[in-house]
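no sequence on this one, just coordinates:
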């Protein structure tokens, strides 16, 4: 239920007057609890595998097993979750939202109220930090505020206090990784078998996508001849955990790093040397099937060592200091990472923008991204100014709004500058093409941009353009068959070698010996359609 009132104190008094009877049941809180109780989201069972594990372990001189635990993390954005729902006429609604995903909020609130999406507009001027915590976990409070707004036909505002926000909205997913690693006496890993467990909480939320990214980062920057990594989502009785900066990537990377550290310590080798001999090189294929083209791992590694200035001497000095001091210690480490700059959900790798040029020479830009302190709006203004040939001061970025740029992807994953920058560029280049005849005259006659825009308007030239961009060469996620499938796939990287997708569609049977991707897919059999149907027909 929702208690509404004319003031916050009155609403809180009303909420405290509500009596709730609880039935105490056994609680599943931690990953260990979930494993002991067998409490998992069984519809998830994704696994990535490459090479021959059995042969790899047989060739190993040493085999180690271990467990790594990673805790959660509170987003602690400065501005807690909040929204205002404004009903107008004819079942129209305006949402003023603190969210990274206006389109998602528009969709779910419209579904809650039973109104079509075209009658509901979600607007976001800026938010006071997000870090992933405002992608999905603010949806429930938007829907809760929308229900009384619908019935009372009055504006409703809902803003969480800090303690409420921290208790209700979830954290970074706590992880546990178990591993079995085989390696030679020279320090070469021959096989690695890992199981990743995440504490998903009390709902599915984004846990499957977080785990998918963790699986695809469980190699860090290392080429293993045989590797298998399997994900498990633990169903627990805590607040649903959600997106957080890195989105599962850090958990996978850390697991791989700990394995490297363990191998080095077991053999008494330098961790730097063990890491270095496993680094990806040009032409290598990852365990999820991406060909490393334009691979920068080794140049980055060598550059970091060079920048460190005498690594061996500094290491020796730290070791000598530690030998002489019982309580004070010094450390020195070099840790490589990689991160895929793309959404694992293929659909989200798109962006739109709307650019208007006015007769006074100014430009108004609206794009699908949300400003949350990362400087996205500033960068979009710079892109538009550069393309149109006007000062940045002549470009204004309007609030993000679903009635200007529809169906926008969440602002997440470090991808928004690329997506919306290219969309803004596309719109500006359309305008430049229309203005080309006037630029020629402007060069001859010394016209300002404002004079040029006015002349184009007088000639009935459209000074508004919608730009769009879809990231190319991303294969996307496996098609849904409603059952476990094994599909041999190969990824093709974009110009930026770290832009990847999930496993390729099962219907795309491009054979490669390097990678097998095993998926337990989420669609129930009665929902199979589209690519899933192709997969089903092919017997993949």
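Nice, I can see it. A quick note: this is a predicted structure, and the numbers were derived from the prediction, not measured.

ok, which stretches of the stretch 101-250 of the chain are helices?
102-113, 139-152, 162-168, 207-216, 249-267 (DSSP state H, counting those that start in this stretch).

what distance separates whichever helix or strand comes after the longest one from the centre of its chain?
The reference is to helix 249-267. Once helix 249-267 ends, the next helix or strand along the chain (criterion: DSSP states H and E) is helix 271-276. Relative to its chain's centre, helix 271-276 lies at 29 Å (Cα atoms, centre = their mean, to the nearest Å).

For helix 271-276, the averaged confidence score.
In this model, helix 271-276 has an average pLDDT of 95.

ditto for stretch 472-491
What stretch 472-491 shows for mean pLDDT is 44.

now stretch 181-190
98.

How about the contacts made by the nearest residue to residue 204 once chain neighbours are set aside?
Nearest residue to residue 204, sequence neighbours excluded (Cβ to Cβ, 6 or more residues apart in numbering): residue 41, at 6.2 Å. Every C-beta, even on glycine, is put in place using the N, C-alpha and C of the backbone. Residues near residue 41 by Cβ atoms under 8 Å, 6 or more residues apart in numbering: 200, 204, 207-208, 233-235.

List buried residues within those residues.
Among the contacts of residue 41, those classed as buried by 16 or more other Cβ atoms under 10 Å are 200, 207-208, 233-235.

Switch those residues over to CSV; also include distance to residue 156 and pLDDT.
Listed next are the buried ones among the contacts of residue 41 as CSV, based on distance: Cβ to Cβ, whole Å; pLDDT from 0 to 100:
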residue, distance to residue 156, pLDDT
200, 30, 98
207, 30, 98
208, 32, 97
233, 34, 98
234, 35, 98
235, 32, 98
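
Number of residues surrounding the closest residue to residue 121 other than its chain neighbours?
Nearest residue to residue 121 in three dimensions, chain neighbours excluded: residue 403, at 4.6 Å (Cβ to Cβ, 6+ apart). Residues lying near residue 403 (other Cβ atoms under 10 Å) number 13.

Check the secondary structure at residue 403 for me.
Going by DSSP: H, G, I helix; E, B strand; the rest coil, the secondary structure assigned to residue 403 is coil.

Kindly report the same for the one 3 residues further on.
At residue 406 the chain is in coil, as set by three-state DSSP.

Now do it against residue 385, distance only.
Distance, residue 406 to residue 385, by Cβ to Cβ, to the nearest Å: 25 Å.

host element of residue 63?
Here residue 63, judged by DSSP H and E, is contained in strand 62-70.

Can you tell me what sits against that strand?
57, 174-185, 251, 254-255, 258-259, 262-263, 266-267.

Which among these count as buried?
Neighbour-count burial (16+ other Cβ under 10 Å) applied to the contacts of strand 62-70 gives 57, 174-177, 179-183, 251, 254-255, 258-259, 262-263, 267.

Report the contact partners of residue 271.
Contacts of residue 271 were listed using Cβ under 8 Å, 6+ apart, and they are 260-261, 264-265, 333.

Could I get the residues you listed in TSV, plus columns for neighbour count and pLDDT?
Output for those, formatted as TSV (neighbours: other Cβ atoms under 10 Å; pLDDT from 0 to 100):
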residue	neighbour count	pLDDT
260	21	97
261	15	97
264	18	97
265	12	96
333	9	90
